[in-house]
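Trainee: just coords:
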């Protein structure tokens with residue numbers, strides 16, 4: 001079994017979509033291992049999104065991620081990273097396949113407000129879980 005991280009972003013939290021998103025994940029066979037609701041500080045956002053430093057969207061992304069509460073979830077399933085990436089859909093909500101989380105709950109006008117973040121590979125999942133759940137030693 002593999003663990004991965006999904007983070008419900010401020011836009012989806014403000015819209016009250018967290019429960020619906022979790023339901024989609026559970027119906028797809030994911031097991032919820034850990035969860036927390038938090039506000040990202042600038043320091044936490046900079047650490048979490050360090051690989052995007054210098055990209056045009058970086059300042060906007062940091063500001064957006066600090067605009068409201070987020071929900072971080074550690075999910076477990078066989079081949080969790082790949083399965084989760086399929087369920088969330090393309091980064092651009094406008095291009096996300098019908099029925100995917102980003103198609104259903106993303107703000108179709110803005111790429112950063114696409115409802116969720118999910119780890120893109122096993123190494124990223126381990127790093128991101130370690131940042132948001134430092135007590136997780138796996």
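Mentor: Looks like it came in fine. Here the structure is a predicted model, which means the values were calculated and not measured.
Trainee: What is the burial count for the closest residue to residue 93 other than its chain neighbours?
Mentor: With sequence-adjacent residues excluded and distances taken as CB to CB, 6 or more residues apart in numbering, residue 93 is closest to residue 106, at 2.8 Å. For every residue, glycine as well, the C-beta is placed using N, CA and C. Residue neighbour count, defined by other CB atoms under 10 Å, stands at 28 for residue 106.
Trainee: Residue 106 contacts residue 96, correct?
Mentor: Yes. Contact criterion CB atoms under 8 Å: residue 106 and residue 96 qualify, at 6.6 Å.
Trainee: residues near residue 32, how many?
Mentor: 13.
Trainee: Kindly report the same for residue 9.
Mentor: Other residues lying near residue 9 total 26 when counted by other CB under 10 Å.
Trainee: Go ahead and confirm it touches residue 118.
Mentor: No. Taking contacts as CB under 8 Å, residue 9 lies outside contact range of residue 118: 10.8 Å.
Trainee: what is in contact with residue 106 and residue 96 at once?
Mentor: Residues touching both residue 106 and residue 96 by CB atoms under 8 Å, 6 or more residues apart in numbering: 89, 114.
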